[in-house]
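Chemist: take a look and give me a structure for this.
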Amino acid sequence: MKPAAMQRTHLQCSRANQRAQRGATAVEFALVFPLFFTVLYAIVTFSLILVAQQNLTMAAEEGARAALNWQSNTSMQSALTNRGNAACTAAEAVVATLVKSTQCTPSSTTCGPGGAMQCVNVLLTYNYQANPLVPNLPLLSYAVPTTLSSSATVQLNPENIQ
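Modeler: The predicted structure follows:
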């Protein structure tokens, strides 16, 4: 075989290998892409869950601070109820639009040393299963929480409640 003919054969062989490599690259991409996409989607999903949890915590704290403000009342129990309702109103006003349809539950109990103080507790819950921030992937739904919740408590001196 002449050197020119050998060179042409070598070029033809090289081109055929390049075409085969293009197909192999496409197959490798098709196999690896779902794994990378799932990992990226999980990172985004859990990041948004952490942002929502932090927002609920901040809103519950602001609600508890709002319970410190005086509310009109006729008795100790009505004062605690009014402060709890004001706390929920403040907490729901602070919740970001990202976390929609939260449920606020105020409660009051005696607390402190010897039960001498009154405590107002603000509990915020968000049903993540019913209102996910991003759609769940089939296997990822086992790892995400069903509900997010946060609570904050403020201690009140009974002398200053009414």
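Chemist: ok but Thr125 is inside a strand, no?
Modeler: Yes - using DSSP: H, G, I helix; E, B strand; the rest coil, the assignment for Thr125 is a strand.
Chemist: where do the helices of the protein begin and end?
Modeler: Applying DSSP state H to the chain gives helices spanning 3-66, 76-94.
Chemist: show me the residue at the heart of this protein, geometrically.
Modeler: Using C-alpha atoms, centre = their mean, the residue of the chain that lies closest to the mean C-alpha position is Ile49, 1.9 Å off.
Chemist: out of the helices of the chain, deepest packed?
Modeler: Comparing the helices of the chain by mean neighbour count (mean count of other C-beta atoms under 10 Å), helix 76-94 ranks first with a mean of 18. (Glycine included, C-beta is placed from N, CA and C.)
Chemist: tell me which other helices or strands that one touches.
Modeler: Using 3 or more C-beta pairs under 8 Å, 6 or more residues apart in numbering; DSSP states H and E as the contact criterion, the secondary-structure elements in contact with helix 76-94 are helix 3-66, strand 103-111, strand 117-127.
Chemist: isn't the residue nearest to the centre of the chain right up against Pro145?
Modeler: Yes - using C-beta atoms under 8 Å, Ile49 is in contact with Pro145, at 6.9 Å.
Chemist: so, low pLDDT: which residues of this structure?
Modeler: Scanning the chain with the threshold set as pLDDT under 70 gives 1-22.
Chemist: now do 90
Modeler: Judged by pLDDT under 90, the chain has its weakly predicted residues at 1-28, 69-77, 96-101, 112-116, 136-142, 157-162.
Chemist: make CSV out of the helices and strands packed on helix 76-94 and add distance to Leu156.
Modeler: Listed next are the helices and strands packed on helix 76-94 as CSV, based on distance: least, C-beta to C-beta, whole Å:
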stretch, distance to Leu156
helix 3-66, 10
strand 103-111, 9
strand 117-127, 5
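Chemist: which among those is found nearest to Ala91?
Modeler: Among the helices and strands packed on helix 76-94, the nearest to Ala91 by C-beta to C-beta is helix 3-66 (2.9 Å).
Chemist: Ala42 - nearest residue in space that isn't next to it in sequence?
Modeler: The shortest distance from Ala42 to any residue that is not its chain neighbour, by C-beta to C-beta, 6 or more residues apart in numbering, is 5.9 Å, and that residue is Leu140.
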